[in-house]
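In: Need a 3D model of the following:
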Amino acid sequence: HEDKIQVTRLAEHGTIWAVVMGASKYQSQSIPSLKYARRDAEAFTDYLKEYMAVSADHIRTLYDEELTVLNMKSVLGTWLKKNAGRNDTVYIYFAGHGAPEADTNSNDGDGFEKYLLPTDANINDLYTTAFPMEEVRNIFSRLNSDRVIFIVDSCFSGASGGRTMLASNTRAANLSEQFWDRLSRGKGRVILSASRANEVSVEDAKYGGGHGVFTHYLLEGLKGNADYSKEGDVDVDELYRYLSDKVPAATGQRQTPVKKGEIEGTLIIGKAK
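Out: Numbers count the residues shown, from 1 in each chain. As a prediction, the model looks like this:
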């Protein structure tokens, strides 16, 4: 009987499609390099191949110089839309800098648009050269899949010490928490973020040769440490419970992961070996 339950749980995710993005090096001298963002992305790709048995042709990776705003749009908006069917599960992973920009038209009520920074971003021209989180909403609505998981090891406040930065003459942003809620609206859209809106996402050399703290525990959890039910797989709620315990403890309560969005039934997100 137990075997039967497990098969049902594992059969739920259909085929997996994934886009994995990570940039440690930025072309602009005004955007500081990160130490471990690319390594985080590579480790997440390895996880999908080794543990989730995702074939290479179902994964698109954009690392460092490949992570241009044009490539992001092409892979997320066109390649994924063309390939991921209704019963499939989509993983989108991003590790790198985020940045805020004052925008009185922001739908979040805080006066800021939030951007993911590709490697060719110009911090003083984010509108043209970066990837707005509003565009993530468009990507979500373009995809046919019932299950989309967006994992972000970045941050947007512009506060010092993490994966975020500010344009010159810009004050650190006081961001609304509701922007994650707005982005995850819609059936089968789940966002896992490394930190709350006004926190920073920290990197640390002591984890596996160097990782973002969030991604370190994300991978540990997916590989089985978050398998609280001991059924051999990890669902998204188990993973979030694990991250909510480990990441604040490792960062002196300075970083709190966020989970937004709802999925009908159980969403299997990882498998223990």
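
In: Bridged to residue 16, which residues?
Out: Taking DSSP bridges as the rule, residue 16 bridges to residue 89.

In: Cross-check the contact I'm expecting between residue 204 and residue 214.
Out: No - Residue 204 sits out of contact with residue 214 when judged by C-beta atoms under 8 Å, with a separation of 10.2 Å. Where you see a C-beta, it was placed from the backbone N, CA and C, and this is true even at glycine.

In: okay, the two: which has more neighbours?
Out: Using other C-beta atoms under 10 Å as the criterion, residue 204 and residue 214 rank with residue 214 on top: 30 against 15.

In: so what's the more buried one up against?
Out: Going by C-beta atoms under 8 Å, 6 or more residues apart in numbering, residue 214 touches 153, 194-195, 201, 243, 247, 255, 257.

In: got it, and residue 153?
Out: Counting by C-beta under 8 Å, 6+ apart, residue 153 makes contact with 37, 40, 93-95, 163, 194, 201, 212, 214-215, 218.

In: need these in a markdown table with pLDDT, can you?
Out: As requested, these are arranged in a markdown table below (pLDDT from 0 to 100):
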| residue | pLDDT |
| --- | --- |
| 37 | 97 |
| 40 | 97 |
| 93 | 98 |
| 94 | 98 |
| 95 | 97 |
| 163 | 90 |
| 194 | 96 |
| 201 | 93 |
| 212 | 94 |
| 214 | 96 |
| 215 | 97 |
| 218 | 97 |
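
In: quick one: which of these is nearest residue 20?
Out: residue 93 (4.7 Å; C-beta to C-beta).

In: just the CA coordinates of the helix or strand hosting that closest one, formatted as CSV?
Out: Assigned by DSSP states H and E, residue 93 belongs to strand 89-95. In CSV, the C-alpha atoms belonging to strand 89-95 read as follows (Å, rounded to 0.1, in the frame of the first residue of the first chain):
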residue,chain,number,x,y,z
THR,A,89,6.5,21.0,-13.9
VAL,A,90,8.8,24.0,-14.6
TYR,A,91,11.7,25.1,-12.4
ILE,A,92,13.1,28.6,-12.8
TYR,A,93,16.2,29.3,-10.7
PHE,A,94,18.1,32.6,-10.4
ALA,A,95,21.2,33.5,-8.4
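
In: In it, which residues are buried?
Out: 89-95 (16 or more other C-beta atoms under 10 Å).

In: now stretch 241-258
Out: So stretch 241-258, judged by 16+ other C-beta under 10 Å, has buried residues 242-243, 246-248, 250-251, 255, 257-258.

In: Report the two of the residues you listed separated the most.
Out: Farthest pair in those (C-beta to C-beta) is 250 and 258. Separation: 16.1 Å.

In: Just the strands from this structure, written as ranges.
Out: All strands of the chain, identified by DSSP state E, fall at 16-22, 59-63, 89-95, 98-102, 112-116, 131-132, 147-153, 189-193, 203-204, 211-212, 233-235, 258-260, 268-271.

In: Contacts made by the fourth one with the rest, please.
Out: Contacts to strand 98-102, defined as C-beta under 8 Å, 6+ apart, come from residues 111-117, 121, 123, 126-127, 130, 152, 154-158, 163-167, 170, 173, 175.

In: Would you write out the PyMOL command that picks the buried residues out of those residues?
Out: Here is the PyMOL command that selects the buried residues among the contacts of strand 98-102 (16+ other C-beta under 10 Å):
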select buried, resi 111+112+113+114+115+116+117+121+123+126+130+152+154+155+156+157+158+163+164+165+166+167+170+173+175
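
In: quick one: which of the contacts of strand 98-102 sit in helices?
Out: Secondary structure from DSSP state H places 126-127 of those in helices.

In: Distance of residue 20 relative to residue 251?
Out: Distance, residue 20 to residue 251, by C-beta to C-beta, to the nearest Å: 24 Å.

In: Please disregard the earlier target; I meant residue 211.
Out: Noted for residue 211: a distance of 13 Å to residue 251, by C-beta to C-beta.

In: on that earlier part again, return the member of the buried residues of stretch 241-258 nearest to residue 77.
Out: Of all those, residue 77 sits closest to residue 258, with 24.3 Å by C-beta to C-beta.

In: Cool, thanks, signing off.
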